[in-house]
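**Q** No sequence on hand, only this structure:
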């Protein structure tokens, strides 16, 4: 089955659907139009971990901003369980690349921020925050301010804060790009454990093919300028219990990384050769 | 990775972190004692130089007096009660200025910070008036309000308000939009975004504005008291000069600096230590 057909068939049961989504910007210097996204169609199933990979300028972040409700698309639509996304909502938690935790709140108060907004009673909140603090390995740092933490710890706070308000969907925008390689691997493994345990639907953006394959149930490869869905690749190994140690020795994972790398690398020539999704789908079908 | 591994890993991490925090605490205490000694030393130097110049040149009393004479004048004016009265008077005028400058300047700064259109239309005018010092308004202010406290207060408010407006505006503008977006995704409405993100986020800059504003206001106040009179430290300095009491002139000057240091150490710095410095947004 081609990726396109799979999307269409599963749209009805999907948590997140994107239909004919296009967006463009006017370059303030040249005055020319920059096509960020062009006719994006996606269906993300409940509990699915989707990773989106593509070169810079493929509109990954624009797509996430639209799903989050920070940006209104100029054409097409994005829906959660069939209802149109028009503004940010508690059902869609966002983890930002920029470690968007509040410097003036301690770890405890950052993690509990969403619960505070929902007016969850103090004792319930404290219990939930303690649980999450343990879950992300930050016990003992509850009263620290963000500037006293390392980059990896800050990102854990951001993840815990998003999980605390228990959103159904989690949107992550290159959340581990700013941390060192060792910490990144730990965070990735922890994220797998966390998402498997809590059965979240995740939309995860990255520019690293390895990260995309390691984390995802399915990898969406985007083509750049304008950003289009090039292919959707199913990752052959189930997410449960994936670790870097086992995955680097798994030939099927290596093959999957190669396949996605090929898609992302060949993206430039493909842009010239194929203007329609049919071509991309055919290419995808041949490769699989 | 399992839960156990990750939590024991972070336990080890937190031990190191705790040790670091403890060491930092020790350094802080030692640093504070050394720091205050280092801060006093230059003052001692200045007094020594003053005393040396006085001894070497032996000037007429209208030009310079010995440090000891100033100390005598200090106790004399305390006994008379004039010095406490003048200090209270000056600080009272400053306080009114501070309250009004905060009450008017902060909301205006907020408006300019949040609304780019209003800001771009009003900013040139604000910069224009900011360039005209409060003291330049004194002749007109005297014509309008006479030789009264109102003239002095008007000049202080005028002087203070611009740094407060500009810094509040900058503070609101520089709050990263990603923090706003993050809060909105957690379910915040606009009220909560303002309360949780914009107010604390702009606070360090508002404090900078206040610090600048109060400093400028303090100077403008003295100039106002020179001209308008009617008590206060500026009046003490100006009036003593006319009477040829150099020790009182110098005493008044020293009190100006000392009172400012007290305002800084007892009010401004503690507020900053409790907020921006604790949040890692400024280093003091």
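**A** It's in. All values reported here derive from a predicted model rather than from experimental measurement.
**Q** Which positions in the stretch 151-284 of chain B make contact with chain A?
**A** Residues of the stretch 151-284 of chain B lying near chain A by CB under 8 Å from any CB of the partner chain: B:176, B:178-179, B:181-188, B:192, B:196-197, B:200-201, B:203, B:275, B:278-281. From N, CA and C alone the C-beta is placed, and that goes for glycine too.
**Q** Give me the subset of those residues lying in helices.
**A** Within those, residues falling in helices by DSSP state H are B:178-179, B:181-185, B:192, B:200-201, B:203.
**Q** Do you have the strands of the stretch 51-200 of chain A handy? List them.
**A** A:75-80, A:83-84, A:92-95, A:169-173 (DSSP state E, counting those that start in this stretch).
**Q** Could you spell out the sheet neighbours of the second one, each with its direction?
**A** Using DSSP bridges, the neighbouring strands of strand A:83-84 in the sheet come out as strand A:75-80 (antiparallel).
**Q** now the partner strand against strand A:169-173, angle please.
**A** Going by axes from the mean of the first three to the mean of the last three CA atoms, to 10 degrees, strand A:75-80 is angled at 130 degrees with respect to strand A:169-173.
**Q** Smallest gap between chain B and chain A, at which residue?
**A** Relative to chain A, the nearest point of chain B is residue B:280 (2.5 Å; CB to the nearest CB).
**Q** which non-adjacent residue is nearest that residue?
**A** residue A:147 (2.5 Å; CB to CB, 6 or more residues apart in numbering or on different chains).
**Q** Next up, the contacts around that neighbour.
**A** Residues in contact with residue A:147, defined by CB atoms under 8 Å, 6 or more residues apart in numbering or on different chains, are A:103, B:279-281.
**Q** Pull out the buried residues from those.
**A** Neighbour counting over the contacts of residue A:147 (16 or more other CB atoms under 10 Å in any protein chain shown) leaves A:103, B:279, B:281 as the buried ones.
**Q** List phi and psi for residue A:245.
**A** phi -60, psi -50 (degrees, to the nearest 10).
**Q** Which pLDDT value goes with it?
**A** With respect to pLDDT, residue A:245 scores 86.
**Q** What of residue A:214?
**A** pLDDT, read off for residue A:214, is 94.
**Q** For the chain, which segments count as helices?
**A** Just so you know, I chose chain A. Counting by DSSP H, chain A has helices at residues A:3-10, A:60-68, A:107-111, A:113-117, A:122-135, A:151-164, A:181-198, A:209-215, A:244-247, A:251-265, A:267-273, A:277-287.
**Q** nope, chain B please
**A** Using DSSP H, helices in chain B cover B:3-57, B:67-80, B:82-114, B:116-131, B:138-145, B:149-173, B:177-185, B:190-193, B:199-228, B:233-242, B:246-263, B:269-274.
**Q** Redo these as CSV? Include distance to residue A:63, mean pLDDT and mean neighbour count.
**A** Below are the helices of chain B laid out as CSV (distance: least, CB to CB, whole Å; pLDDT from 0 to 100; neighbours: other CB atoms under 10 Å in any protein chain shown):
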stretch, distance to residue A:63, mean pLDDT, mean neighbour count
helix B:3-57, 31, 71, 11
helix B:67-80, 72, 95, 15
helix B:82-114, 29, 94, 19
helix B:116-131, 27, 92, 12
helix B:138-145, 59, 94, 15
helix B:149-173, 28, 94, 24
helix B:177-185, 15, 94, 22
helix B:190-193, 24, 93, 14
helix B:199-228, 28, 93, 22
helix B:233-242, 64, 93, 20
helix B:246-263, 53, 95, 18
helix B:269-274, 42, 91, 14
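**Q** With distance to residue A:225 added, can I get those helices in CSV?
**A** Shown next, in CSV, are those (distance: least, CB to CB, whole Å):
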stretch, distance to residue A:225
helix B:3-57, 40
helix B:67-80, 75
helix B:82-114, 35
helix B:116-131, 30
helix B:138-145, 62
helix B:149-173, 32
helix B:177-185, 25
helix B:190-193, 34
helix B:199-228, 35
helix B:233-242, 67
helix B:246-263, 58
helix B:269-274, 47
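**Q** ok, residue B:62 - contacts?
**A** By CB under 8 Å, 6+ apart, the contact list for residue B:62 reads B:244, B:246.
**Q** one more time with 10 Å
**A** B:241, B:244-246, B:249 (CB atoms under 10 Å, 6 or more residues apart in numbering or on different chains).
**Q** what two of those residues have the greatest distance between them?
**A** Within those, B:244 and B:249 form the most distant pair, 9.2 Å apart (CB to CB).
**Q** Quick one: end-to-end length of stretch A:41-61, please.
**A** This stretch, stretch A:41-61, spans 16 Å end to end (CA to CA, to the nearest Å).
**Q** Over to stretch B:258-268?
**A** Note: stretch B:258-268 ends 14 Å apart using CA to CA.
**Q** now it, how far from the chain's geometric center?
**A** Taking CA atoms, centre = their mean, to the nearest Å, the mean C-alpha location of stretch B:258-268 is offset from the chain mean by 8 Å.
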